[in-house]
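> have a look at this fold, sequence not included:
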């Protein structure tokens, strides 16, 4: 039998406003294969999924399903043509029961007309029985049969993931798109998942496309892999070809060529100095859960006064959850956090700011409809002293001269890099002792990343302690004195940034090899 | 099948029994209250289909009620004599009423589609504002149309709408409306509506044409609301006169309160909520009289009964939101079987 392509993408481009989320992606997925779509955070993988499933209409390019164009079709039509999908953040019908969730997807194959529903005709009842039987078979297959009457929102995280797949299969799809099926799973669960994906492909004669961050799963289960970074294709091939591709390594680990050499020179001296400094932030055995999923599994770390500490790890490792828990915007399950010598377990988030803690959140979260100046003023909300506010404004402009040029511009009209600068400057307006930065390089052009990291270095030299969360490992290790490496919610490595820079195990932690 | 016929017979028997019992034992006032409450039930069940089951938000349903009431009243006004010329007596009454009801349902259904198609792209507060605007447009259009009575109401002069809708008709209509809504809600189509409420993107991803289903929900809901409006216009126990003042925003708010009281998404909740609000409003009207007294405060209360009602209503609503925000039943349904729950469950396992 000649090999057919289940899916073909030709030059698919997706532009939002001025942002090119996906720029001309081309690939084909052979029928019956398991295909991986990978790339660092912000690479545009989910956007590609959304272009395929009709959530977005691609700005240009074509999407074909078994040779027929489907780009621009509404999502329900694409579903009807045979593409089932799951979602990155699980989208079940929470108030409906497990069985009802699956039954909704049987809707397209239902023979019941509206009339049958209104008057409970024989045809309607028969159809309902047939659908229910089919749904329950699927539920049994996924070992969810005993939960069929439960509200789907009450299920554990793993059960919800499986229910989502069962629901997608009720469509009788030919192609199944799985968006991060292993997210939140530990390594033994991920192991089981790998086998399940293969079994599903065989039993249901499916073509499977997988977006996944867990490299163990991707490298093991996919036959072909397409790698994206910042909307562009950077590699394509078998797992082995992709694994050692220099561009892939660079995309995942970042470029290190701009690492400031000054850090190296004074490192020894500083290490000694910081060793004695009292800890400004101390986290002991912190655990954070979302519903059933454990995002942070008992980590301990400390940040001493004057230090720049990096918390690194792949997407989904629990870095942001840790920061959010420290900033008290996310409740934690157990553990103790002390800041500046004080237990902050009972301190609400807004009171941490006057105590000297500031967070520049992931995705920047600037106020888009306020001007740069107003954004900065809001950062100084807890400060009464007008002179201090003025001083800090001037410092902010010194730090990031671009902001000075754009004081009267609306925050939302800045470029991503400028927004990041604004977010950092805003956090500094409260005059923090500890500045926490969440992914300051995320989705930002390399030139601006340089400027941002220069700014961070200046902030540290001026005496502000910094806790930096970063996916760009080389950058982070270039700027930091010490670092912690987080893998699926646990700290697997810690030490001086200098040592970790050359540690092969860091690379392993990112590319899915076991850390010993 | 046998069970279904049994249910229909039971419903008919109930309607007849209530009618006889009501005539024999209840005062005209109580019968009037029951009729009002029953119309409320239809309104609540209809709005619940949109706001509860499908998760959209309409506060303009008084507009559909007005369309149903006026369309049916105009129809019966025009055709009453003609139909009686062909079919005499009470059969003629029934035929006239049925024709009028059908006219009301169709007119409201058309209005539902007309409003639904353009506005259902909107969500949440935006949809609410559009529906609110629609309700007001209908009312103001009627007010400024002298040919149908304008703000004086319909019909003009000493004429009245034929009051053919006895309590039995109204009860029967409500049972029909509730049964059809129930069947729709708990079918494959109803699940699609609930899926839209829960997660529109996921619903699309499993093949639900969300636009079509939202319009469907809106149209069915508008038709039932129009049906209720038509029965209200022909209510034998009512004023047999309709005026635009009866279809103000308050009416839409009342409907909203009914389904919130009963529990959004629950049909039996909407039934309970409809009765609850009907009785509550009636009690509040009577409250100053019930309190009695001859002092100046009692006097003032009686004179301002309308305003007092608004205050107590608001307080009741706030208390409800504080103490039981999910409504009486939440999203669950009250089922007789739940009273014998254990046994049924065992039988199901055994059988």
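Received it, and whenever you're ready, just let me know what you need. Computed from a predicted structure; not experimentally measured.

> list the beta-bridge partners for the residue nearest to residue A:88 when sequence neighbours are not counted.
Excluding the flanking residues, the one nearest residue A:88 by CB to CB, 6 or more residues apart in numbering or on different chains is residue A:179, at 4.4 Å. Quick note: C-beta positions are derived from backbone N, CA and C, even for glycine. Applying DSSP bridges to residue A:179 gives these bridge partners: residue A:211.

> isn't residue A:179 up against residue A:85?
Yes - contact criterion CB atoms under 8 Å: residue A:179 and residue A:85 qualify, at 6.8 Å.

> distance of residue A:293 relative to residue A:439?
Separation of residue A:293 from residue A:439 (CB to CB, to the nearest Å): 20 Å.

> of these two, give the one with the bigger neighbour count.
residue A:439 (25 against 18; other CB atoms under 10 Å in any protein chain shown).

> what number of residues lie near the nearest residue to the more buried one once chain neighbours are set aside?
The shortest distance from residue A:439 to any non-neighbouring residue, by CB to CB, 6+ apart, is to residue A:362 (4.8 Å). The tally of other residues near residue A:362 (other CB under 10 Å) stands at 18.

> just residue A:434 next, same as before
23.

> so what's it up against?
Contact partners of residue A:434, counting by CB atoms under 8 Å, 6 or more residues apart in numbering or on different chains, are A:280-281, A:303, A:339, A:356-358, A:464-467.

> do you know how far residue A:46 is from residue B:39?
Noted for residue A:46: a distance of 50 Å to residue B:39, by CB to CB.

> of the two, who's got more company?
residue B:39 (25 against 18).

> you'd agree that one is in a strand?
No - counting by DSSP: H, G, I helix; E, B strand; the rest coil, one finds residue B:39 to be helix, located in no strand.

> is it in contact with residue B:231, as I believe?
Yes - with contacts counted by CB under 8 Å, residue B:39 reaches residue B:231, the gap being 6.0 Å.

> got any residues that touch both of the two?
residue B:170.

> next up, phi/psi of the residue nearest to residue B:124 when sequence neighbours are not counted, please.
Nearest non-adjacent residue to residue B:124, counting by CB to CB, 6+ apart: residue B:57, 6.2 Å away. Torsion angles at residue B:57 (phi, psi; degrees, to the nearest 10) stand at phi -140, psi 110.

> now do residue B:57: how many residues are near it, please.
Residue B:57 - counted by other CB under 10 Å - has 18 other residues nearby.

> for it, which residues are in contact?
Counting by CB under 8 Å, 6+ apart, residue B:57 touches B:50-51, B:124-125, B:127-128, B:131.

> out of the residues you listed, which are buried?
The neighbour count (16 or more other CB atoms under 10 Å in any protein chain shown) marks B:50-51, B:127-128, B:131 as buried among these.

> Serialize those residues to JSON lines and add fields for secondary structure and distance to chain A.
Shown next, in JSON lines, are those (DSSP: H, G, I helix; E, B strand; the rest coil; distance: CB to the nearest CB, whole Å):
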{"residue": "B:50", "secondary structure": "helix", "distance to chain A": "16"}
{"residue": "B:51", "secondary structure": "helix", "distance to chain A": "14"}
{"residue": "B:127", "secondary structure": "helix", "distance to chain A": "20"}
{"residue": "B:128", "secondary structure": "helix", "distance to chain A": "21"}
{"residue": "B:131", "secondary structure": "helix", "distance to chain A": "23"}
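
> in chain B, spot the helix with the most residues.
If you go by DSSP state H, chain B has its longest helix at helix B:89-119.

> check whether that one comes near chain A.
No - taking CB under 8 Å from any CB of the partner chain as the criterion, helix B:89-119 and chain A are apart, separated by no less than 13.3 Å.

> name the residues of that helix that are buried.
Within helix B:89-119, the residues that count as buried by 16+ other CB under 10 Å are B:92-93, B:95-97, B:99-101, B:103-112, B:115-116, B:119.

> what's that helix packed up against?
Where contact means 3 or more CB pairs under 8 Å, 6 or more residues apart in numbering or on different chains; DSSP states H and E, helix B:89-119 is packed against helix B:61-86, helix B:124-143, helix B:210-233.

> which of those is buried the deepest?
Stretch with highest mean neighbour count among the helices and strands packed on helix B:89-119: helix B:210-233 (a mean of 27; mean count of other CB atoms under 10 Å in any protein chain shown).

> quick check, pLDDT for residue 54.
The chain I'm using is chain A. For residue A:54, the pLDDT comes out at 93.

> other chain: chain B
What the model reports for residue B:54 is a pLDDT of 93.

> okay, now it: neighbour count?
28.

> okay, which residue is most central for chain B?
The C-alpha lying nearest the average C-alpha coordinate of chain B belongs to residue B:43 (CA atoms, centre = their mean; 1.3 Å).

> so where's the chain uncertain?
Using chain A. A:1-2, A:18, A:41-42, A:184, A:186-187, A:253-276, A:292, A:443, A:445, A:510-516 (pLDDT under 70).

> the chain in question should be chain B.
Checking chain B against pLDDT under 70 turns up B:1-5, B:22, B:291-293, B:305-306, B:336-351.

> ok, 80 please
B:1-26, B:118-121, B:123-124, B:157-158, B:285-310, B:312-313, B:325, B:327-332, B:334-351 (pLDDT under 80).

> my guess is residue A:382 meets residue A:353, correct?
Yes - counting by CB under 8 Å, residue A:382 touches residue A:353, with 5.0 Å between them.

> anything in contact with each of these two?
residue A:430.

> more neighbours: those two, which one.
The neighbour count for residue A:382 versus residue A:353, taken as other CB under 10 Å, is higher for residue A:353 (19 against 15).

> for the more buried one, which three-state class applies?
helix.

> looking at it, it is touching residue A:379, isn't it?
No - in this structure, residue A:353 is not within contact of residue A:379 by CB under 8 Å, at 9.2 Å.

> anything in contact with each of the two?
The contact sets of residue A:353 and residue A:379 overlap at residue A:430 (CB under 8 Å, 6+ apart).

> host element of residue A:381?
Using DSSP states H and E, residue A:381 sits within no helix or strand.

> look up how far residue A:323 lies from it.
Applying CB to CB, the value for residue A:381 to residue A:323 is 20 Å.

> who has more neighbours out of those two?
Between residue A:381 and residue A:323, counted using other CB under 10 Å, the more crowded position is residue A:323 (23 against 12).

> count the residues that sit near residue B:298.
So residue B:298, with other CB under 10 Å, has 14 neighbours.

> find the nearest non-adjacent residue to the residue in the stretch 401-516 of chain A positioned nearest to chain B, please.
Closest to chain B within the stretch 401-516 of chain A is residue A:412: 20.7 Å, counting by CB to the nearest CB. Excluding its sequence neighbours, the residue lying closest to residue A:412 (CB to CB, 6+ apart) is residue A:368, at 2.9 Å.

> what does residue A:170 give?
Closest residue to residue A:170 apart from its sequence neighbours, by CB to CB, 6+ apart: residue A:105 at 3.7 Å.

> shouldn't that neighbour be in contact with residue A:165?
No - using CB under 8 Å, residue A:105 makes no contact with residue A:165, being 11.0 Å away.

> and the nearest residue to residue A:66 once chain neighbours are set aside, helix, strand or coil?
Nearest residue to residue A:66, sequence neighbours excluded (CB to CB, 6+ apart): residue A:6, at 6.3 Å. At residue A:6 the chain is in strand, as set by three-state DSSP.

> check contacts around the residue in the stretch 251-351 of chain B that chain A sits nearest to.
In the stretch 251-351 of chain B, the residue that lies nearest chain A is residue B:331 (6.0 Å; CB to the nearest CB). By CB under 8 Å, 6+ apart, the residues touching residue B:331 are A:95, B:52, B:263-266.
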